[in-house]
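K.L.:
this is a predicted model, with the sequence first.
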Amino acid sequence: MSNRNAALLVIDVQREYMEQEPFLTCDGDDLVAKCRLLIDSARAADVPVVFVRHLDREPPADPSTTEICPEIAPRVGEPVVEKHFASAFMKTELEATLKRLSATHLTVCGLATFGCLNATVVCALCKGYDVAIVRDAHGARPLTDATVEQVIAHFEAAWVDAGARLIRSTEAQFAT
């Protein structure tokens, strides 16, 4: 993959979702570590990293819980798109940010498989972006009638049917 039109999109990897009861990947509880590897790889290849941060309409009692996990904190100058809806495209600066970066290929990781990540991936595909989802770097929690692995497999199948590609974190080495 050429870096010219690439961006890494890191969705909602925030303290509130990872500190008490972490979301799990298909491999376990290593979501933050996998995102860190992807971010380091993108930065080393001069691929822009765009962070997305979910904010509820009502501020939490402890605002620090909405911070992006410190292990993957954005560097000065890296875009952080704040959102109030599931899709990172809805009423945000994401599309303008991606246009400014000339990004047409998105590598996506983050949270949650069944929520914000899904809504953002579907919107990106509808808008014509080339989307690769990092299979072992998006997370879910078990549902009443489904394991984490089943939830992830269900959404991954739907994304592939819609035109996205699935890659593993070890395959997401950004070309230099």
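P.N.:
Right, received. Where do you want to start?
K.L.:
what comes up buried for the helix or strand harbouring residue 138?
P.N.:
Using DSSP states H and E, the element containing residue 138 is strand 130-139. For strand 130-139, the buried set under the neighbour-count rule, 16 or more other CB atoms under 10 Å, comprises 130, 131, 132, 133, 134, 135, 136, 137, 138, 139. Using the backbone N, CA and C atoms, a C-beta is placed for each residue, glycine as well.
K.L.:
how much space between the residue nearest to the fifth one when sequence neighbours are not counted and residue 64?
P.N.:
Okay, so that is residue 134. Nearest non-adjacent residue to residue 134, counting by CB to CB, 6 or more residues apart in numbering: residue 109, 4.5 Å away. Distance of residue 109 to residue 64, computed by CB to CB, to the nearest Å: 23 Å.
K.L.:
what about stretch 18-35, how long is it end to end?
P.N.:
13 Å (CA to CA, to the nearest Å).
K.L.:
same question for stretch 6-24.
P.N.:
One end of stretch 6-24 to the other measures 26 Å (CA to CA).
K.L.:
same deal with stretch 76-83?
P.N.:
Stretch 76-83: ends 20 Å apart by CA to CA.
K.L.:
in it, what's buried?
P.N.:
Going by neighbour count (16+ other CB under 10 Å), the buried part of stretch 76-83 is 79, 81, 83.
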